[in-house]
Every structure is written in structure tokens, then in C-alpha cells.
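**Q** below is the sequence, then the predicted model.
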Protein chains: 2
Amino acid sequence: MARAATTSDAFNAVAEPRRREILNYLALQERPVGEIVASLGLEQPSVSKHLRVLRGVGLVHVRREGRRMLYRTNAEALRPLHEWTKTFERFWQHQLSRVKERAEAKAMALEKA
Amino acid sequence: MARAATTSDAFNAVAEPRRREILNYLALQERPVGEIVASLGLEQPSVSKHLRVLRGVGLVHVRREGRRMLYRTNAEALRPLHEWTKTFERFWQHQLSRVKERAEAKAMALEKA
DNA sequence: ACACTACATTCCTATATGGGAATATGTCAA
DNA sequence: TTGACATATTCCCATATAGGAATGTAGTGT
């Protein structure tokens, strides 16, 4: 079997950096495709294709306004990602405290010197 | 161009569900490959290949102990993912409060009836 | 109907994948 | 060294890209 489809879930969809940029861009306001193209400097067909993937996993909502399509990020669809990574939070907090300890130890050593 | 390599960053590496399972499994304790195989019910070569990808992006650390290789999750490498999703947190909090508002409005309507 | 704008889709291709099967590598024990 | 165990790698293949180029489709104004 090949790799899972980009449309199989949010994890696969956001693996592509441009799609993350698009989600960032559409987080605050809905925007027509043309503005995404202009702002992110991508080709229009490329943007349309990325948007199709994002729509496929519910990461964006669309609304038609005349001949323009207004897209906006649906942050809710990112929650599974956030929740999953969150379960590891305590581990890097431990890591951080170790780093802190070392930094403190070093500071103490310097004080002594 | 094709899709970015699974080894290009953590986002691509964790797009694969089995790799996420492995990371979950290795979060608390280091484990030899054989235990991962037994616990997750995957083929041994498959596990080795997934571990190679995870190592490639620093998501696991390895240590040899005799003929066994002990792997453990390096949660630190998941921080970029967590940080990125975190920037969207406030949006679904808004969403939630709107849901709450609606629920409350509904409750009030029922009281009146 | 026509031209024009805004998007979407299709066709093409190089590339990377994940699984299965088989095989290679590395380490210990006798 | 030989054998057994633990893990890694290789080979093969069906499948899914992402980008570029070209084309299709829908809505607007005249």
C-alpha cells in the first residue's frame, strides 16, 4: 500500500507546509482564493487544489459570494492534533526542568569561579 | 514534485497512524523492538521501518543493549506541532462559547414555553 | 450572446511511500 | 565457529501525490 491520502485526516492534510500557511492565513478572516494566491505567492491552481484537500477534511469552510469563493479556517478540525500533541506536553516540561537545572548548576558554578 | 518525504519533518512523520501509536507506546518507557511488535501487532520489518522514519526526524532516541535496541519517544520533537496547533486554540474556544450561548438561549426559550 | 473575471479540474510526470517477502547484519552463547 | 536470536535492510509494486500547463465552468455586466 502507498501512503495514506492527504484527505484521509487532518494529520495528513497539514503535513504539507503550504496548507499550513493557508490555514494560518485564513484563521482570522475569510478570504477569496485570489487573495490567498496574491498573499502567499502560489499558483492559483495550486491553491485551489490545496483548498480542496483542506475542505475534504473539514479544515476550511467555504461560502460563495458572487463569483468569489470565500474560505476560512475551521480551527475545530485541528483539535485532534492539538489534543494528541498535548498528551506529550508533560514530557518536554520534564525535559525543560532538566535544562533549567543544568542552567542553574552552571550559573552556580560560575558564581563560585 | 511528489509529496514531501515522511522524514522531512515531524508533521510528515506523524501523519502515519502507526507511527503515532508507536510514539504513544514509547512515551513512558523505552522498549525493545520486539515488544513494540508484540504490543501493537505489527510486522517486525514494518516496525523497524517506522522507527527509522521516527529516528530520522528525531522523534525517538535509540540505545543499544546487547542485541536489543531500546527506543523511546523524544517528546521535544513534537513541540513544533503542539505550538502550531496551539495558535488556533482561541478560535475553537470562541466556537465553544458560541455553542454555549446557543445552548443557553435554547434553555431560556424552553423555560418560557 | 459575448467578453471578462474568479475558480476548479484535468492531464501529465517524477517521486515517495507502506506492506509483504526474503534476506542481511549484528550480538550473544556454547 | 556455529547456531539462535533481535533487528535492519532490500526488492517489488500499487498508489497517491504536488507542480506545471492547459482547459473547463460558473457568475457578472453589457
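**A** On my side now, so go ahead.
**Q** how far away is the spatially closest residue to residue A:12 that is not a sequence neighbour from DNA strand D?
**A** Across the structure, with CB to CB, 6 or more residues apart in numbering or on different chains as the measure, the residue nearest residue A:12 apart from its sequence neighbours is residue B:15 (4.6 Å). (Glycine included, C-beta is placed from N, CA and C.) Between residue B:15 and DNA strand D the distance, using CB to the nearest atom of the strand, to the nearest Å, works out to 10 Å.
**Q** got the residues of chain A near chain B?
**A** By the rule CB under 8 Å from any CB of the partner chain, the part of chain A lying against chain B is A:3-4, A:6, A:11-12, A:14-17, A:20, A:23-24, A:27, A:73, A:75-76, A:78-79, A:81-82, A:84-89, A:91-92, A:95.
**Q** and the residue nearest to residue A:12, how many neighbours?
**A** Neighbour count for residue B:15, taken as other CB atoms under 10 Å in any protein chain shown: 24.
**Q** residues in contact with it?
**A** Residue B:15 makes contact with A:3, A:4, A:11, A:12, A:15, B:6 under the criterion CB atoms under 8 Å, 6 or more residues apart in numbering or on different chains.
**Q** got a PyMOL select line for the buried ones in those?
**A** The PyMOL selection below is limited to those of these classed as buried (16 or more other CB atoms under 10 Å in any protein chain shown):
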select buried, (chain A and resi 11+12+15) or (chain B and resi 6)
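**Q** mind putting the contacts of residue B:15 into JSON lines with secondary structure?
**A** Compiled in JSON lines, these are given as follows (DSSP: H, G, I helix; E, B strand; the rest coil):
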{"residue": "A:3", "secondary structure": "coil"}
{"residue": "A:4", "secondary structure": "coil"}
{"residue": "A:11", "secondary structure": "helix"}
{"residue": "A:12", "secondary structure": "helix"}
{"residue": "A:15", "secondary structure": "coil"}
{"residue": "B:6", "secondary structure": "coil"}
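**Q** the contacts of residue B:15: which ones sit near DNA strand C?
**A** With CB under 7 Å from any atom of the strand as the criterion, the subset of the contacts of residue B:15 in contact with DNA strand C comprises A:3, A:4, B:6.
**Q** so can I have JSON lines of the contacts of residue B:15 showing pLDDT?
**A** Supplementary listing: the contacts of residue B:15 in JSON lines, determined by pLDDT from 0 to 100:
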{"residue": "A:3", "pLDDT": "92"}
{"residue": "A:4", "pLDDT": "95"}
{"residue": "A:11", "pLDDT": "98"}
{"residue": "A:12", "pLDDT": "98"}
{"residue": "A:15", "pLDDT": "97"}
{"residue": "B:6", "pLDDT": "96"}
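**Q** any chance of the contacts of residue B:15 in JSON lines, plus distance to residue B:48?
**A** What follows is the contacts of residue B:15, written out as JSON lines (distance: CB to CB, whole Å):
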{"residue": "A:3", "distance to residue B:48": "18"}
{"residue": "A:4", "distance to residue B:48": "20"}
{"residue": "A:11", "distance to residue B:48": "22"}
{"residue": "A:12", "distance to residue B:48": "22"}
{"residue": "A:15", "distance to residue B:48": "22"}
{"residue": "B:6", "distance to residue B:48": "14"}
